[in-house]
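[1] No letters, just coordinates:
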C-alpha cells in the first residue's frame, strides 16, 4: 500500500520500502545519470497516464468538481492520472521529490496495473552535459500536471489536452515529457496518442521541430476573451493571426510545430507544473520561455507555485528580445488578471 501525497509536495523518501525492487530499477544501470533514469521512467509513466485519461472519458463518468471556481476544474481523470504518475515514480525512486497539481492524494488504493515499472530505453542515450550527468536524486524536483487543459477535456476539445511531467535540477527546468492522449484521434483506425520528450543540451525525441512561417506573426494566447492587458499586448505586437487555444502545454507545442511564433500571456494564471516540461523541451529545441519581464522562472521544490508574472515564449530564442522590447513595460510589469493559462 502507498501513503498519502501531502499537500502538493511529496517527498518520496517517506515511503521507502513500500515496494520491492522493480524490473525497471533493476535493469537501469546505476552508472546511468540520475536525470536520464528519471526521464526514461517518466516517458513510460506519461504513456500510462494518457491511457487512463482516455479510459475515463470513454467511460463517461468524468467526476467534475470545482477547485477554486468554475474556471478551475478537476475531473476523475486529473486525480487518477496523478495517482498513476506519483505512485509510479514513488515505486521506482523513493528519494525523489514530486510536486503535483492536484494536491493531497490518497495513494493507498492505486490499482496495481497503474504502477509503471518500465522505462524508455532511448532516453538513456541522450547526450547529458556535465552539470546534468553529475546531478543527484536530491537535486531533482518533478513537476506534474496530470491533465493540462482540463476545461477543454470536459468540453470535448481533446486535441488541447496534454499530460506534463517536468524535471528541474535545482531551480532550472532541464527535462520534460509531453504526452498527447488524443493525438490523431480523429483518424479512425489509426494510432491514438503520442509522447515526446527532451533534455536541455541533449535534444528532443519523438517530435521534429518545424520553424514557423516567415513573413507573418502568429501568436498563441488564452482561449478566454482576454481584455485589458492581453488585448493591448496583442494589438501592440500587431499579430497577423491570434490563436486562442487551451492548455499551456498545447500553446507551447504550437511553437514547437511551427504553427505559431510566440505565446504571449501577461497574466499570473499559470503554475510551475504548467510550464516546467514545456519550457525544458522548448529550450532543448532552440526556443525560449520566460516570464513577461524576461526573467527565467525557478522550479526548486520550495518555490511559489504560481507564475506571477505571466508567460512569454518564442519558437526561436532569437525572437524573444523583440517581444520584450516591443511590449511596453506597463503591460509586462503589471499583470493583475488571473486567467487560467489552461484556457
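    Here it is on my side, so go on. All values reported here derive from a predicted model rather than from experimental measurement.
[2] Mind telling me what element residue 142 is part of?
    Counting by DSSP states H and E, the element that carries residue 142 is strand 140-148.
[3] Mind listing the strands that strand pairs with, and their directions?
    Here strand 140-148 has these sheet partners by DSSP bridges: strand 97-100 (parallel), strand 162-169 (antiparallel).
[4] Pick the most deeply packed of those.
    Most buried of the strands paired with strand 140-148 by mean neighbour count (mean count of other Cβ atoms under 10 Å) is strand 162-169; its value is a mean of 29. Every residue, glycine included, has its C-beta placed from N, CA and C.
[5] Note down every partner strand of the helix or strand following that one and its orientation.
    For strand 162-169, the following helix or strand on the C-terminal side (DSSP H and E) is strand 172-180. Sheet pairing for strand 172-180, assigned by DSSP bridges, gives strand 162-169 (antiparallel), strand 194-199 (antiparallel).
[6] Out of the strands paired with strand 140-148, which is closest to residue 143?
    Of all the strands paired with strand 140-148, it is strand 162-169 that lies closest to residue 143, at 4.3 Å by Cβ to Cβ.
[7] Give the ranges of residues in this protein that sit below the confidence cut-off.
    1-27, 29, 63-73, 104, 224-227, 333-343 (pLDDT under 70).
[8] what's the longest helix in it?
    As assigned by DSSP state H, the longest helix anywhere in the chain is helix 34-59.
[9] tell me the angle that helix makes with strand 140-148.
    Computed by axes from the mean of the first three to the mean of the last three Cα atoms, to 10 degrees, the angle separating helix 34-59 from strand 140-148 equals 20 degrees.
[10] Nearest residue to residue 61 in space, please, no chain neighbours.
    Residue nearest to residue 61 in three dimensions, not counting chain neighbours: residue 76, with 6.6 Å by Cβ to Cβ, 6 or more residues apart in numbering.
[11] neighbours around the one you found, how many?
    Counted with other Cβ atoms under 10 Å, residues neighbouring residue 76 total 18.
[12] what's the answer for residue 235, then?
    Around residue 235 there are 10 residues (other Cβ under 10 Å).
[13] so it sits in a helix?
    Yes. Using DSSP: H, G, I helix; E, B strand; the rest coil, the assignment for residue 235 is a helix.
[14] ok, it - contacts?
    Not one residue lies near residue 235 by Cβ atoms under 8 Å, 6 or more residues apart in numbering.
[15] again, but for the one 10 residues further on
    For residue 245, the contacting residues are 160, 220, 223, 251, 254, by Cβ under 8 Å, 6+ apart.
[16] Can you spell out which helices and strands pack onto the helix or strand hosting the last one?
    Pointing back at residue 254 there. Following DSSP H and E, one finds residue 254 within helix 248-256. In this structure, helix 248-256 packs against strand 140-148, strand 162-169, strand 172-180, strand 218-221, strand 262-265, helix 272-284, strand 311-314, with contacts taken as 3 or more Cβ pairs under 8 Å, 6 or more residues apart in numbering; DSSP states H and E.
[17] what angle separates the third one from helix 248-256?
    For strand 172-180 against helix 248-256, the angle between stretch directions is 90 degrees (the same axes, to 10 degrees).
[18] Mind listing what's buried along the longest helix of the chain?
    For helix 34-59, the neighbour count (16 or more other Cβ atoms under 10 Å) marks 34-54, 56-57 as buried.
[19] Also stretch 247-261?
    Under 16+ other Cβ under 10 Å, the buried positions of stretch 247-261 are 247-256, 259-261.
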